[in-house]
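In: this is a predicted model, with the sequence first.
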Amino acid sequence: MKILQIQNRYFGTAIIMILSIFFSLGFISEKKDGRSNPDPEAEEMPLYGEWKHFTVKDGLPSDKTYCVLIDNDRILAGTHDGLAVYENKKWITYTTEDGLAHNGVLSLAKNELTGDIWIGTMGGLSRWSAGKFENFNQMNSGMPNDLIYSVACDGKDVWVATGGGAGKYDSYTKEWEIYTEENAPMHEPWTYGICTGDDEIFIAAWGGGIVEYNKKTSQFRDYTDPDGNMEIDLFPDDGIVHDITTGASWSEGMLWVGTYFGLSRYDGTRWKGYFDHDSGLASNFINFVKASGKYAFIATDQGLSCTDGENWVTYTRNQQNFNGKASILQGEEKSEFKLSPSLSHNYVLGVDLKDDMIWVATSKGLSRGKLLNKENLGLASTDR
């Protein structure tokens, strides 16, 4: 990756200035393969640094953070002990005492039509509107299950992936529709992720791959691993890499699917598989996927990876301290940048990004990173 290029008669002075800037940004570069000139035609990947950590000491109700959502100027974090909201540089916690359905908050989504925040918890679904919580569970509504792994908003509809099937809530009619193995091509009712994309809803179904729901025809279609092998991917790029899917995210015509055995990308015609041994992916054990523009951010048990399908940046933290590195794979070129500090923890469970900032939920705190090479990407902020 190209960071800076300086060639003039004040070379020595320039080197000192460059190193000073790099240290102030919290990273320095180290080439691993000895190459000095990366491919100038290769497109640069977004690189985040200047990481800051947030834990209980900073006001979070718990260091165990499951998800994060950027909502304009405020940050919402789902933790093991409540919903934390960061606004005006202060954290405010909301729990069951304030009306939240359950303190274990696993997923967050914003309805852009109403501004309401939908909160998936370990004990029901909450709608946070005008400062008040409205709760949905199996007992007071037609919701499929109280364990809400994922929530997504699509116009007036709210979709959930639960431990007992997928559900769609029509906020106008206030009615639920439930989809399980009895009326949809699912291996079992356990669903783990859900996302919207053009005219489709994509459901990550445990053991059932991806279930696609067409909103115009109300018809389902499933995508499963063609080789059916649970241990290895026998035939590369023949389909989704594994039937045990953990998340899905759609952007710019691409569907990205996380599994516990690797990453898949689907362009509407062909599938492409990625593994930790043949790409820059941090680990095959994927907890969450977030697509933004042409990039996918992959939350794994060994760090956070970002890819455009060809190039990679993976962020990891050292075991013994707060420092870490960003491992860059650009084509066949490998390099590393030391980060000081790095992520709060390598077990990553959620991520969201907007403009120059990225927020990362980990098992031991929340991390915030700043985009260091915005100009070099040649992208407007709305493209990311």
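Out: In hand now; what should we look at?

In: so what's the spatially most central residue of the chain up against?
Out: Closest to where the C-alpha atoms of the chain average out (CA atoms, centre = their mean) is Lys290, at 3.3 Å. Residues near Lys290 by CB atoms under 8 Å, 6 or more residues apart in numbering: 249, 296-297, 299, 350-353. All C-beta atoms are positioned from the backbone trio N, CA, C, and that covers glycine.

In: show me which of those residues is closest to Tyr86.
Out: Asp352 (12.3 Å; CB to CB).

In: for the closest one, which residues are in contact?
Out: 68-70, 290, 358-359.

In: tell me which two in the residues you listed are the farthest apart.
Out: Applying CB to CB across those, the maximum distance is between Leu69 and Ile358, 12.6 Å.

In: got the confidence number for Pro236?
Out: Looking at Pro236, its pLDDT reads 85.

In: Asn214 reaches Arg221, doesn't it?
Out: Yes. Counting by CB atoms under 8 Å, Asn214 touches Arg221, with 7.4 Å between them.

In: quick one, helices of the stretch 1-150 of the chain?
Out: Using DSSP state H, counting those that start in this stretch, the helices of the stretch 1-150 of the chain run over 11-25.

In: ok, Tyr138 touching Asn145?
Out: For residue 138 the amino acid is Gln, not Tyr. Yes. Between Gln138 and Asn145 there is a contact at 6.6 Å, judged by CB under 8 Å.

In: which one's more surrounded, those two?
Out: The residue with more neighbours, out of Gln138 and Asn145, is Asn145; 22 against 13, by other CB atoms under 10 Å.

In: quick revisit: next SSE downstream of the helix or strand where the residue nearest to the centre of the chain lies?
Out: Using DSSP states H and E, Lys290 maps to strand 286-292. Note on strand 286-292: by DSSP H and E, the next helix or strand toward the C-terminus is strand 295-300.

In: distance check, Gly99 against Ser126.
Out: Per CB to CB, to the nearest Å, Gly99 is found 8 Å from Ser126.

In: ok, Ile298 next?
Out: From Ile298 to Ser126 the distance is 27 Å (CB to CB).

In: any regions of the stretch 251-384 of the chain where pLDDT drops low?
Out: Low-confidence segments of the stretch 251-384 of the chain, defined by pLDDT under 70: 374-384.

In: can you map out the helices along it?
Out: Taking DSSP H, counting those that start in this stretch as the criterion, the stretch 251-384 of the chain carries its helices at 374-377.

In: now the strands for it?
Out: Applying DSSP state E, counting those that start in this stretch to the stretch 251-384 of the chain gives strands spanning 254-259, 262-266, 271-274, 286-292, 295-300, 303-307, 312-317, 324-330, 333-339, 348-354, 357-362, 365-371.

In: report the angle between the fourth one and strand 254-259.
Out: Orientation note: strand 286-292 sits at an angle of 170 degrees relative to strand 254-259 (axes from the mean of the first three to the mean of the last three CA atoms, to 10 degrees).

In: okay, the angle between strand 286-292 and strand 295-300?
Out: For strand 286-292 against strand 295-300, the angle between stretch directions is 160 degrees (the same axes, to 10 degrees).

In: quick one: strand 286-292 to chain centroid distance?
Out: Strand 286-292 sits 3 Å away from the centroid of its parent chain (CA atoms, centre = their mean, to the nearest Å).

In: the shortest one too?
Out: In this view, strand 271-274 has its centroid 18 Å away from the chain centroid, taken as CA atoms, centre = their mean.

In: what lies in contact with it?
Out: Contacts for strand 271-274 (CB under 8 Å, 6+ apart): 223, 233, 236-241, 262-266, 281, 307, 309.

In: may I see the buried residues of stretch 215-230?
Out: 220, 222-225 (16 or more other CB atoms under 10 Å).

In: run through who's touching that stretch.
Out: For stretch 215-230, the external contacting residues (CB under 8 Å, 6+ apart) are 154, 179, 184-186, 199-201, 205, 208-214, 233-235, 238-243, 266, 271.

In: now find how far off-centre it is within its chain.
Out: Here the centre of stretch 215-230 is set off from its chain's centre by 22 Å, with CA atoms, centre = their mean.

In: what segments of the stretch 51-200 of the chain are strands?
Out: Using DSSP E, counting those that start in this stretch, strands in the stretch 51-200 of the chain cover 65-71, 74-79, 82-87, 90-94, 105-110, 117-121, 124-129, 132-136, 148-154, 157-162, 165-170, 175-179, 191-197, 200-205.

In: export the fourth one as PDB, just CAs?
Out: Presented in PDB, the C-alpha positions along strand 90-94 are these (Å, rounded to 0.1, in the frame of the first residue of the first chain):
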ATOM      1  CA  LYS A  90     -20.900  10.600  27.500                       C
ATOM      2  CA  TRP A  91     -22.400   7.100  27.700                       C
ATOM      3  CA  ILE A  92     -26.000   6.600  28.900                       C
ATOM      4  CA  THR A  93     -27.200   3.000  29.700                       C
ATOM      5  CA  TYR A  94     -30.700   1.700  29.200                       C
END
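
In: many thanks, have a good one.
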